[in-house]
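structure, please.
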Amino acid sequence: MSKKSHYYNQNSGDGSLSDFFGDIYSGIAVGVGHGKWFFSKTVDQGWSAITSLSGIGSTAEEEGRRLSNTNDTENRDLNNSNESKKKQGLKVVGVGYGRTGTYSLALALDDLGFPTLHTQHLYENGEIFDHWVNNVFYKSIQNDEIVMGEPDFDLLIRGGFTATMDLPFALYFREIQEQYPECKFILTVRENSDVWFRSWDVLTRSISKPMQYTSFMVTHVKKLEYYMRWLFSVVNSDKKFLSHPFPLPPQNKHNAVSSYERHNQLVRDSIPPSHLLEYNVRQGWEPLCQFLEIPQDDCPSTRDVPFPKSNSARAVQWQSYSSFIVLFSVSLFIIFSMFSLIFRKVTGMSVIGWCCVQKAKFLRLTSDSLEERRKRTGMRGRTKMD
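Okay, the predicted model is just below:
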């Protein structure tokens, strides 16, 4: 699912009715997209498992090899392009915590020519996501302690990205600065820490419930659960989130706010002012264009292009609801379909056909019972008359 498919709610953000419905539409559109993606990947996994066991996949494998040979030239070109990007290194890294406008900024960076990987799309990039799951998130759960690991940031570049936004990447600014000394960093902030925590708390509550009910049956959601547990442990400075059974404990406001403020100050103290922009997305295009040395004529502000507005707290809630409904509905459909196939195999009838037969039997039985009761009533009446 491309980031460009996300709905840009570019209303004023002043609490108007259009802003309200824009957030709802945005949340539903994005949530349905997430749900469809997880479902398609789960189906692909299931089909791969079936074909590998049954041997059906041999034809598919041959076709895959044919397509692979056909695309060799394109792949070489892509590899050359990625090698070129690798030499350039990461250009821009967002070092602000989540819920500070990171997604809107990621959309803006895309528009400015910096392909950006935001955490919300991390799961769509399998090699990168699996690397983080295996080396950081799941390892933390296995060891029952917060593990930061040594992520391979070159994977981002090989994936075609020159910028990142949001956690977990924001926590590794010192490693990234050392590896890519020309990289620029953007510290996104909210009006104050309380505003940030309210939005963060809404996010955590919105994603925890759907995760609780779907992670056991969808592999990709299970991986997201590992990330969520690790993330909550880091932000709250409390490893209990790594192993606590669902429902997860609520966020600790004191710990989370302290973590947020401590991180922001550490960024300010560590990165030279020439390579750091402290930024609120309400500031719009101009400070961003100046910091990234975008020519004034190329800055969207000169063309009156609205700054992207997406992923508000309200939209996040609707994302969670809609993605959960999609996954739950599709899961029920699959379960019922499998049950129907087995039922037909065993009984020789469809579920609906069997229900119709049982309904007819019940009606006939009821009718016979009523008829028998009328006869007995009639006989008692005649006996009294006699």
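
where along the protein do the helices fall?
17-54, 57-70, 72-88, 102-111, 126-132, 138-143, 154-158, 173-179, 193-214, 219-236, 253-270, 285-291, 313-347, 351-385 (DSSP state H).

pull the number of nearby residues for the nearest residue to I294 once chain neighbours are set aside.
For I294, ignoring the flanking residues on the chain, the nearest one in space by C-beta to C-beta, 6 or more residues apart in numbering is L112 at 5.9 Å. For the C-beta atoms, the positions are set from N, CA and C on the backbone; glycine is no exception. Look at L112: counted by other C-beta atoms under 10 Å, it has 18 neighbours.

tell me the contacts of the residue nearest to S237 when sequence neighbours are not counted?
In this structure, S237 finds its nearest non-sequential neighbour in N255, 5.0 Å apart by C-beta to C-beta, 6+ apart. Neighbouring residues of N255 by C-beta atoms under 8 Å, 6 or more residues apart in numbering: V235, N236, S237, D238.

pLDDT value on the first one, please?
Note for V235: predicted pLDDT of 97.

with the one 10 residues further on instead?
Predicted confidence (pLDDT) for P245: 89.

one more: L155?
96.

ditto for L363
85.

tally of neighbours for I335?
11.

look at it and report its pLDDT.
Value for I335, per-residue pLDDT: 73.

so it versus C356, what's the distance?
According to C-beta to C-beta, to the nearest Å, I335 and C356 sit 22 Å apart.

what do you get for V346?
V346 is 17 Å from C356, by C-beta to C-beta.

counting neighbours, go ahead and name the busier of the two.
Ranked by neighbour count (other C-beta under 10 Å), V346 and C356 place C356 first, with 12 against 8.

could the contacts of N255 go into TSV alongside neighbour count and distance to E372?
Formatted as TSV, those follow (neighbours: other C-beta atoms under 10 Å; distance: C-beta to C-beta, whole Å):
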residue	neighbour count	distance to E372
V235	24	71
N236	21	70
S237	14	75
D238	18	70
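
between those, which sits nearest L292?
Using C-beta to C-beta, the shortest approach to L292 within the contacts of N255 belongs to V235, at 28.0 Å.

got any ranges where the stretch 101-250 of the chain has weak pLDDT?
210-220 (pLDDT under 70).

make it 80
Of all residues in the stretch 101-250 of the chain, those with pLDDT under 80 make up the ranges 208-221.

surely N236 touches N252?
Yes. N236 is within contact range of N252, at 4.9 Å (criterion: C-beta atoms under 8 Å).

who's in contact with the residue nearest to H275 when sequence neighbours are not counted?
Spatial nearest neighbour of H275, chain neighbours left out: K184 (5.2 Å); criterion: C-beta to C-beta, 6+ apart. Contacts of K184 were listed using C-beta under 8 Å, 6+ apart, and they are K91, V92, V93, H275, L276, L277, F291, L292.

just the buried ones from those residues, in PyMOL syntax?
Here is the PyMOL command that picks out the buried ones among those, judged by 16 or more other C-beta atoms under 10 Å:
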select buried, resi 91+92+93+276+277+291+292
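
tell me the one of the contacts of K184 nearest R205?
Of the contacts of K184, the one sitting nearest to R205 (C-beta to C-beta) turns out to be V93, at 28.1 Å.

can you check the pLDDT for that closest one?
98.

what's it in contact with, if anything?
Contacts of V93 by C-beta under 8 Å, 6+ apart are A163, T164, F169, A170, F173, I176, C183, K184, F185, I186.

find the nearest non-adjacent residue to the third one, please.
So that's F169. In space, F169 is closest to V93, 6.3 Å off (C-beta to C-beta, 6+ apart).

same question for the fifth one.
Counting by C-beta to C-beta, 6+ apart, F173 lies nearest to V95, which is 4.7 Å off, once chain neighbours are set aside.
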